[in-house]
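Q: Curious how this folds, go ahead:
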Amino acid sequence: MKMNPLGRTGLEVSELCLGTMTYGSQTPPEDAHAQMDCALDAGINFFDTAEMYPVLPITKETVGGSEKIIGDWFKTSGRRGEVILATKHSGAGLAAVRDGAPITAETIRPTIEGSLQRLKTDYIDLYQFHWPNRGSYMFRQNWTFDPSGQDPIAVRENMIECLEALKDEVRRGTIRHFGLSNESAWGTAQWLKLAQETGGPRVASIQNEYSLMCRLADTDLAELMLNEDVGLLPFSPLATGFLTGKYRGGAVPEGSRMERSPDMSGRNSGRVVAAVDAYMDVAEKHGLDPVHMALAWSARRSFVASSIFGATTLEQLQHLLPAADVVLSTELLNDLNAAHKAHPMPY
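A: This is a model prediction of the structure:
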């Protein structure tokens, strides 16, 4: 398994990261435990979770469920020291967590304490803010995104206060590094600038949606990440399953995400079918499993630190693992870029 630096943290993370958002909903605890053992044994040393997980559905009753499952596995397996662990602090608008309160200096410590208790650990390697208080263009909000109502002075004041609180947590040893999620180039630049000015923890990574079918990070954000040593952690590198081909022909496999969420959180548009067909054709032309092709592509981009995949079952995880051995030829990359140009932003 190829290892990559995680920003300027000094940590080396596997190019594939085990995502856990289904743990406790689609994936029962015993299967989740088997997945974590399998991932570590395959060379994956990076696990990602969040206080709001599992998803599908997200309710007050399910909040923290995935962290609890991971914590139980840490306790029974004794393998905490082998894992670089990332989790996230939910923010404004999610009613299930703190009634939708924004991220503030006051929410940081109790939120970290809650995660530590559920995870049965005394430190978090990478602590991420799940989305900005000011809003985000992720999750199909790019179509209507309007930053004109933002108050940049208030935004920066909140960032400074949060950085001070995070600095205290680093001193306490509860967190080691800081990352963002669903963030923009401007927002990341502000966090970097203010961390330098205040001595707060430097942004190590950004976790945004990124796949062959969602390439919003390819321009301004890519330039920032490469020049500032901030690694992208793509989520949904398989486009929530579309790039596996399992939904072709109108199929809805039992237990799949589409069965629970037919519109796939706004991704199931009329343009998706043609885009998926184009990528399936590229995989067939090059004799590749489309799952391996899409995951390897996302993991090998020059600004990516580790690509986060999710697996509902152990069998799915085992199917994904050979992506680490895929060779991306120049011809393959050219064909993928041609498909992208023909089918930009299908959702």
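Q: List the buried residues of stretch 221-228.
A: 221-222, 224-225 (16 or more other C-beta atoms under 10 Å). For glycine as for every other residue, the C-beta is placed from the backbone atoms N, C-alpha and C.
Q: can you pull the pLDDT of residue 249?
A: At residue 249, the model reports a pLDDT of 82.
Q: Next: residue 246.
A: 89.
Q: Tell me who's in contact with it.
A: Listed by C-beta atoms under 8 Å, 6 or more residues apart in numbering, the contact partners of residue 246 are 253, 256.
Q: Tell me, how many residues neighbour residue 159?
A: Here the number of neighbours of residue 159 (other C-beta atoms under 10 Å) works out to 22.
Q: which SS class is the residue nearest to it when sequence neighbours are not counted?
A: Leaving aside its sequence neighbours, residue 159 sits nearest to residue 194 (C-beta to C-beta, 6 or more residues apart in numbering; 5.2 Å). Following DSSP: H, G, I helix; E, B strand; the rest coil, residue 194 is assigned to helix.
Q: distance of residue 194 from residue 166?
A: 11 Å (C-beta to C-beta, to the nearest Å).
Q: Name the SS class of residue 168, please.
A: Residue 168 is classified as helix under three-state DSSP.
Q: what's the nearest residue to it if we skip its chain neighbours?
A: residue 109 (7.6 Å).
Q: number of nearby residues for the closest residue to residue 272 other than its chain neighbours?
A: Once flanking residues are discounted, residue 272 sits nearest to residue 346: 4.9 Å by C-beta to C-beta, 6+ apart. Neighbours of residue 346 under the rule other C-beta under 10 Å: 20.
Q: Please, where are all the strands along this protein?
A: 3-5, 12-14, 16-19, 46-48, 84-89, 124-129, 175-181, 203-207, 231-232, 307-310 (DSSP state E).
Q: And the third one, how far out from the chain middle?
A: This points to strand 16-19. Here the centre of strand 16-19 is set off from its chain's centre by 9 Å, with C-alpha atoms, centre = their mean, to the nearest Å.
Q: Give me the mean pLDDT for it.
A: Rounded mean pLDDT across strand 16-19 is 98.
Q: Likewise for the fifth one?
A: On average, the pLDDT along strand 84-89 is 98.
Q: Who are the packing partners of it?
A: Strand 84-89 sits against strand 46-48, helix 105-119, strand 124-129, with contacts defined as 3 or more C-beta pairs under 8 Å, 6 or more residues apart in numbering; DSSP states H and E.
Q: how far is it from where the chain is centred?
A: Distance, centroid of strand 84-89 to centroid of chain: 10 Å (C-alpha atoms, centre = their mean).
Q: What strands line up against that strand, and which way round?
A: Each strand paired with strand 84-89, and its direction, by DSSP bridges: strand 46-48 (parallel), strand 124-129 (parallel).
Q: what does the longest one rub up against?
A: This points to strand 124-129. Contacts of strand 124-129 (C-beta under 8 Å, 6+ apart): 6, 9, 11, 50, 83-89, 91, 103, 112, 115-116, 162, 166, 169, 174-181, 183, 204-205, 207.
Q: The helices and strands packed on strand 84-89: which one's closest to residue 243?
A: strand 46-48 (19.2 Å; C-beta to C-beta).
Q: circling back: wouldn't the residue nearest to residue 168 be in contact with residue 169 here?
A: Yes - taking contacts as C-beta atoms under 8 Å, residue 109 lies within contact range of residue 169: 6.8 Å.
Q: So for these two, which sits in the more crowded spot?
A: A side-by-side neighbour count of residue 109 and residue 169, using other C-beta under 10 Å, places residue 169 first with 20 against 15.
Q: I'd like the distance from that one to residue 111, if you could.
A: For residue 169, the distance to residue 111 - C-beta to C-beta - is 10 Å.
Q: just residue 180 next, same as before
A: 16 Å.
Q: circling back to that earlier point, what sits in contact with each of residue 194 and residue 166?
A: Contacts common to residue 194 and residue 166, judged by C-beta under 8 Å, 6+ apart, are residue 200.
Q: Please say which of these two ends up with more neighbours.
A: The neighbour count for residue 194 versus residue 166, taken as other C-beta under 10 Å, is higher for residue 166 (24 against 17).
Q: show me what contacts that one?
A: Neighbours of residue 166 in contact, by C-beta under 8 Å, 6+ apart: 108, 127, 175, 178, 200-201.
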